[in-house]
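Trainee: Fold the following and give me the result.
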Amino acid sequence: MPSDVHDPGRRALLHGGAALGLLGLGGMQAKPAQAGALRVGRPAPAATLVTLDGDSITTRDLLGKVVILTFWATWCGPCRQELPLLSAFMEQHASEGLAVLGFTIDAAEDLPKVRRQSQGLAFPVGLLPDARLPGYGRIWRIPANFTIDRQGVLRDNGWDDRDATFTPERLQEVVVPLLRAS
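Mentor: Presented below is the predicted three-dimensional model:
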């Protein structure tokens with residue numbers, strides 16, 4: 001059992017989230033659990049992307065690289081604007097050790113749309129079956145992005161930002177310094 005389950009503060013957050021869910025405020029349930037699980041400056045929870053081709057890529061496999069986890073959907077307008085930006089940024093910085101993993105929360109029946117949308121992206125994409133990722137919780141707003149440094153430490157927590165959408169300026173501020181660090 002993970003050690004954070006024994007932490008009284010973590011238990012209170014989890015129970016508080018469960019109570020909110022019982023009251024019919026399920027949309028608010030994920031935020032408290034997220035806040036307790038993800039902390040900038042602490043090891044990022046491991047994440048595994050199963051690509052549309054069936055390959056598995058884990059963040060642990062990518063230690064030594066700066067990793068962006070991006071959560072999106074084909075029906076999300078801001079996501080459709082962000083994806084080409086992330087793809088171009090990935091192409092520009094791949095040789096510096098950047099990796100991007102794209103998790104879509106689209107339903108399995110929307111796979112043809114996902115394939116069309118992800119065609120030409122410079123990073124792998126996979127379906128997130130139930131809009132949950134262990135350690136990151138329920139993906140309740142998109143786009144959401146999380147940035148992990150070369151040592152596997154969370155450096156940018158998408159739940160902490162009102163707008164976690166990447167812009168060229170935000171990529172320069174958040175990701176480029178991590179790429180320059182050894």
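Trainee: and Asp160, how far is that from Phe103?
Mentor: Applying Cβ to Cβ, to the nearest Å, the value for Asp160 to Phe103 is 18 Å. Placement of C-beta: from N, CA and C, glycine included.
Trainee: try Phe89
Mentor: As for Phe89, its distance to Phe103 is 17 Å (criterion: Cβ to Cβ).
Trainee: ok, those two, which is more surrounded?
Mentor: The residue with more neighbours, out of Phe89 and Phe103, is Phe103; 24 against 21, by other Cβ atoms under 10 Å.
Trainee: next one: phi and psi at that one?
Mentor: Dihedral angles of Phe103 (phi, psi; degrees, to the nearest 10) stand at phi -100, psi 120.
Trainee: Now do the contacts for it.
Mentor: Contact analysis of Phe103 by Cβ atoms under 8 Å, 6 or more residues apart in numbering lists 49, 69-72, 125-128, 133, 139.
Trainee: one more time with 7 Å
Mentor: Applying Cβ atoms under 7 Å, 6 or more residues apart in numbering to Phe103 gives the contacts 49, 69-71, 126, 128, 133.
Trainee: Out of those residues, which is nearest to Glu169?
Mentor: When these are compared for distance to Glu169 (Cβ to Cβ), Thr70 comes out closest, at 16.9 Å.
Trainee: how's this structure carved up into domains?
Mentor: Per automatic domain parsing, the domain ranges recorded for the chain read 1-37, 41-180.
Trainee: which residues does the spatially closest residue to Leu121 that is not a sequence neighbour contact?
Mentor: Nearest in space to Leu121, with sequence neighbours left out and distances taken as Cβ to Cβ, 6 or more residues apart in numbering, is Ser87 at 4.6 Å. With contact set as Cβ under 7 Å, 6+ apart, Ser87 has these partners: 121-123.
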